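In: I would like to see how this sequence folds:
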Amino acid sequence: MATNVNHIVVLGGGTAGWMTAALLSKLYKDCLSVSLIESDDIGTIGVGEATIPPLKIFNDVLGIDEKAFIQQTKATIKLGIEFEHWGKVGDKYMHAFGEFGKDIGYTAFHHYWLADKPEAKSLWDYSFNYQAAIEGKFSPTPRIHNNQLAGITHAYHFDAGLYAKLLRKYSIDKGVKRIEGKVIQVTQDEREFITSLTLDNGNTVKGDLFIDCSGLHGMLLDNVFKVGFDSYQHWLPCDSAWAVPCEKVEPIVPYTRSIAHKNGWQWRIPLQHRTGNGLVFASNKMSDDEAKQLLLDNLDAPAIGEPRLIRFTPGRRQQQWVKNCLAIGLSSGFLEPLESTSIHLVQTAIIRLTKLMPHAQINQPLIDEYNRQSKVEFEQIRDVIILHYHLNTRSELDDIWHDCRAMDIPESLKHKIALFKATGNLFRHQEDLFTNEAWLQIMLGQGIMPEDYNPLANMITKAQRLEFLANLNAIYRQQLTLLTSHEQFLTSCG
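Out: I've put the predicted structure just below:
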């Protein structure tokens, strides 16, 4: 039986629901209708305040002006994530966005740097993003030095609740119908396709395709279709988080901070009006009260309100799309926010849907391809997060750090580490979110120094290599003088 897709129903608001509604209403305004069901009585988790650069593309597609977005969401600029104590206590490095130096031919830049360490400067001296981040500067500069070098690549920190509010207005203006209510009954046909949702106010909402954005409990995918869950907890031991904002701290730095602690880690996300804070921890190693106090003891300013406790299991639904229902956001799975990927997973899920949007009918090959791509994406991000934990060299013996060093890791990750350690080479799959530069910074930052490098780096002399590196660093230092301060840029956004 064919099922024409004319009406899409999104269950759940928040960031995931309204991002979904916004993009669908933008792209399918003249051929699909979109409704969104939410209840003002149901809260959202709302701690996803740090993003990665693709969100800028998402906003650009919607036609949202960057300065208006920054003003309305109290956003700040994010140039990378600084990791403290993740190697051993006292260590610090940054996963900076953007490129490093300049590749020559087929040879990645870092091989030229490896050929002359330790005489060359730190690798991060050849990252324009890093240099701007630590000096608290920002100006939108996609290219520099006569367009020969990559400029700054940026993302945002923002208030997730204000972003959802912005997208709600955007979506309603585009024709999305917002429906208030809580679902109390799900009606299915003989094929088990959902035909309608009955709300507590008596309304019935019919649809052809239903998108579950109902959060961790997965009201449709879990409760209705009983989809199994693949847990990653044997690799990612943390299963709880305390979250609390504190008063703003000046200067407002243009990067996220991730600080490793006993049996967990802390995030600090600077916004214009406050700082977002949280402590992610393993509940079998640390009590809730101990974790809460650890967070409160490590705030930069007085807390605003009481901390909120969040429970989760790291992992993913075994299928994100079943019948005529797919999950986007926390209902599809959860990976802790170590690399700020939660909102990005929402974005890529929506884009994946637009590329595989059913027309005349919803068929199984289409569903299978959506689920295949989703599984690959979750596992690739999972491996990057495992990498942070596994490469630690902290001295604690009876906590997660010791366990993570000793644990057996996925074969895909074993190969990546072994290849880099032996040769300095990094290769990424076409669909991999993380660039080679991202993998490079994590591995170097947490203590893996390659034993070799590509011999093409020897096609120029040592003197020429050192001159090349010195010139690059000089260019970046000179370009930094042309940037405004981060806070001056925020002021210019109104």
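
In: how about the helices in the chain?
Out: 14-27, 54-62, 66-72, 109-115, 128-134, 160-173, 288-297, 342-355, 364-390, 400-406, 411-423, 436-445, 462-480, 486-492 (DSSP state H).

In: could I get those in a markdown table, plus columns for mean pLDDT and distance to residue 323?
Out: C-beta coordinates here come from the backbone N, C-alpha and C atoms, glycine included. Output for the helices of the chain, formatted as a markdown table (pLDDT from 0 to 100; distance: least, CB to CB, whole Å):
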| stretch | mean pLDDT | distance to residue 323 |
| --- | --- | --- |
| helix 14-27 | 96 | 18 |
| helix 54-62 | 96 | 28 |
| helix 66-72 | 97 | 36 |
| helix 109-115 | 97 | 47 |
| helix 128-134 | 98 | 44 |
| helix 160-173 | 96 | 25 |
| helix 288-297 | 98 | 38 |
| helix 342-355 | 95 | 15 |
| helix 364-390 | 96 | 8 |
| helix 400-406 | 94 | 38 |
| helix 411-423 | 96 | 31 |
| helix 436-445 | 96 | 36 |
| helix 462-480 | 96 | 53 |
| helix 486-492 | 97 | 46 |
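
In: now distance to residue 40 and mean neighbour count too, for those helices, in TSV please.
Out: TSV is the format used below for the helices of the chain (distance: least, CB to CB, whole Å; neighbours: other CB atoms under 10 Å):
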stretch	distance to residue 40	mean neighbour count
helix 14-27	12	25
helix 54-62	24	17
helix 66-72	20	16
helix 109-115	51	24
helix 128-134	38	25
helix 160-173	12	19
helix 288-297	28	16
helix 342-355	21	21
helix 364-390	30	18
helix 400-406	38	17
helix 411-423	43	14
helix 436-445	39	21
helix 462-480	47	15
helix 486-492	31	17
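
In: out of the ones you listed, which gets nearest to residue 454?
Out: Taking CB to CB, helix 109-115 is the member of those nearest to residue 454, at 4.3 Å.

In: now do the same contact list for the residue positioned nearest the centre of the chain.
Out: Centroid-nearest residue in the chain: residue 341, 1.6 Å away (criterion: CA atoms, centre = their mean). Contact analysis of residue 341 by CB atoms under 8 Å, 6 or more residues apart in numbering lists 52, 335, 381, 433.

In: of all those residues, which two lie farthest apart?
Out: Largest separation among those by CB to CB: 52 and 335, giving 12.9 Å.

In: so between those two, which is more surrounded?
Out: Taking neighbours as other CB atoms under 10 Å, residue 52 and residue 335 compare with residue 52 leading, 24 against 20.

In: any idea how far residue 15 is from the more buried one?
Out: 14 Å (CB to CB, to the nearest Å).

In: what's across from residue 325 in the sheet?
Out: Beta-bridge pairing for residue 325 (DSSP bridges): residue 210, residue 322.

In: who are the contact partners of it?
Out: 194, 209, 210, 211, 212, 220, 221, 224, 225.

In: surely the first one and residue 210 touch.
Out: Think residue 194. Yes. The criterion here is CB atoms under 8 Å, and residue 194 meets it with residue 210 at 5.0 Å.

In: shared neighbours, those two?
Out: Contacts common to residue 194 and residue 210, judged by CB under 8 Å, 6+ apart, are 220, 324, 325.

In: what does stretch 117-128 rub up against?
Out: 93-94, 96, 98-101, 109-110, 113, 130-131, 144, 149-152, 440-441, 444, 449, 465-466, 469, 472-473, 476, 479-480.

In: what does the average pLDDT come to for stretch 81-88?
Out: Averaged across stretch 81-88, the pLDDT comes to 96.

In: grab the nearest non-local neighbour of residue 477.
Out: residue 131 (7.4 Å; CB to CB, 6 or more residues apart in numbering).

In: pretty sure that neighbour sits against residue 478.
Out: No. Contact criterion CB under 8 Å: residue 131 and residue 478 do not qualify, at 10.9 Å.

In: residues contacting residue 402?
Out: Contacts for residue 402 (CB under 8 Å, 6+ apart) come out as 394, 396.

In: rerun that using 10 Å as the cut-off
Out: By CB atoms under 10 Å, 6 or more residues apart in numbering, residue 402 lies in contact with 392, 394, 395, 396.

In: looking at these, which is nearest residue 291?
Out: residue 396 (15.6 Å).

In: backbone dihedrals for that closest one, both of them.
Out: When read as degrees, to the nearest 10, the backbone of residue 396 gives phi -60, psi 140.

In: isn't it up against residue 264?
Out: No. If you go by CB atoms under 10 Å, residue 396 and residue 264 don't touch, sitting 11.7 Å apart.

In: higher neighbour count, the two?
Out: residue 264 (27 against 14).

In: that one: what's its closest spatial neighbour, skipping adjacent residues?
Out: Closest residue in space to residue 264, ignoring its immediate chain neighbours: residue 281 at 3.2 Å, by CB to CB, 6+ apart.

In: before we move on, what about residue 136?
Out: Using CB to CB, 6+ apart and skipping the chain neighbours, the partner closest in space to residue 136 is residue 486 (5.0 Å).

In: how close does that neighbour get to residue 251?
Out: Residue 486 is 7 Å from residue 251, by CB to CB.

In: need the residues touching each of these two.
Out: Residues touching both residue 486 and residue 251 by CB under 10 Å, 6+ apart: 136, 270.

In: tell me the domain ranges of this protein?
Out: Under automatic domain parsing, the residue ranges defining each domain of the chain are 7-74+158-230+320-381, 98-151+410-480.
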